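> Fold the following for me, if possible:
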Amino acid sequence: MSKKNILNIQTILEMLEEHFSLKMSSRLPVIAIYSIYELRMERSARYKNRILLPLQVHTASDKHGFGDIEIYKSDGQPFEIIEIKHNKPIDRFIIFDILKKTEQVNINRYYVLTTYKNGFETPEEEQFVKNLIHKIHKDCEMDLIVNGIITTLKYYLRSLDDYDTFIKIYTKNLIYDSDNSTEVKAYHIEKWLDILKKYEIA
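Next up is the predicted model:
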């Protein structure tokens, strides 16, 4: 069976979900979203003259800035921020923390993405957060979007003509991160290579 027949959006999502299920894997969804943004920066008019910053070290003690993935304007001001939660539901306290971090700047759009299956722990918390987001947009004009990572990847992948390019970039970024941080371990790389073989991509 050829790559062309095998590699589609559903297959890629299955591959990523399997990879994200590994222990100590909180960095992997960040790298997946970053990889898709590398492609989006080239293809979307929204990101013309915008700068995708390199990934920071993900540990809380070393982390600085506004989120896990940051896109800036050419004048050095933050434009779009992506915060990623792994196996953690979105709640009001995450939103409160974002408000505190961004109170001195004007950010056009802020995403909070999670791998947590239902996004929120309860329907009541979901409604509270949605009401809070509506108020934030009204008061400070920041477009705050909460969503699932797999849903977001599915949406972004639809805009790509060549899924193989995404796989190559994700693989490259995993290896780079493994060489330059302590978060992506050797077994994360080994498992990804196993997944590529399993789906006859490698």
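
> CA only for contacts and neighbour counts going forward, please
Fine.

> Grab the nearest non-local neighbour of Lys185.
Ser178 (6.1 Å; Cα to Cα, 6 or more residues apart in numbering).

> Per-residue confidence, the one you found, what does it come out as?
Confidence at Ser178, expressed as pLDDT, is 93.

> quick one: it and Asn8, what's the gap?
27 Å (Cα to Cα, to the nearest Å).

> Next: Pro123.
Taking Cα to Cα, one finds Pro123 at 32 Å from Asn8.

> higher neighbour count, these two?
Asn8 (15 against 11; other Cα atoms under 10 Å).

> Name the nearest residue to that one, sequence neighbours excluded.
Asn8's closest residue in space is Tyr163 (Cα to Cα, 6+ apart), at 6.9 Å.

> what's the neighbour count on that neighbour?
For Tyr163, using other Cα under 10 Å, the count is 17.

> Flag every buried residue along stretch 166-185.
For stretch 166-185, the neighbour count (16 or more other Cα atoms under 10 Å) marks 166-167, 169-171, 173-175, 177-178, 183-185 as buried.

> May I see those residues arranged in a markdown table, with distance to Val146 as well?
Formatted as a markdown table, the buried residues of stretch 166-185 follow (distance: Cα to Cα, whole Å):
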| residue | distance to Val146 |
| --- | --- |
| Phe166 | 23 |
| Ile167 | 25 |
| Ile169 | 25 |
| Tyr170 | 23 |
| Thr171 | 26 |
| Asn173 | 25 |
| Leu174 | 25 |
| Ile175 | 29 |
| Asp177 | 26 |
| Ser178 | 28 |
| Glu183 | 25 |
| Val184 | 25 |
| Lys185 | 29 |
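
> What ranges does this structure have for its helices?
3-6, 9-20, 27-43, 92-102, 123-140, 149-157, 163-180, 186-198 (DSSP state H).

> Output the contacting helices and strands for the third one.
Secondary structure elements in contact with helix 27-43, counted by 3 or more Cα pairs under 8 Å, 6 or more residues apart in numbering; DSSP states H and E, are helix 9-20, strand 50-52, helix 149-157, helix 163-180.

> What's the biggest strand in this protein, counting residues?
strand 78-85 (DSSP state E).

> Could you check how far that strand is from the centre of its chain?
8 Å (Cα atoms, centre = their mean, to the nearest Å).

> where does the closest residue to Tyr72 other than its chain neighbours sit relative to Tyr187, distance-wise?
Setting aside the residues directly before and after it, Tyr72 is nearest to Pro78 in space (Cα to Cα, 6+ apart), at 4.3 Å. Distance from Pro78 to Tyr187, counting by Cα to Cα: 35 Å.

> same thing with Ile84?
22 Å.

> of those two, who's got more company?
Ile84 (25 against 11).

> which residues touch the closest residue to the more buried one other than its chain neighbours?
Excluding the flanking residues, the one nearest Ile84 by Cα to Cα, 6+ apart is Leu113, at 4.9 Å. Leu113 makes contact with Ile82, Glu83, Ile84, Lys85, Val146, Asn147, Gly148, Ile149, Thr152, according to Cα atoms under 8 Å, 6 or more residues apart in numbering.
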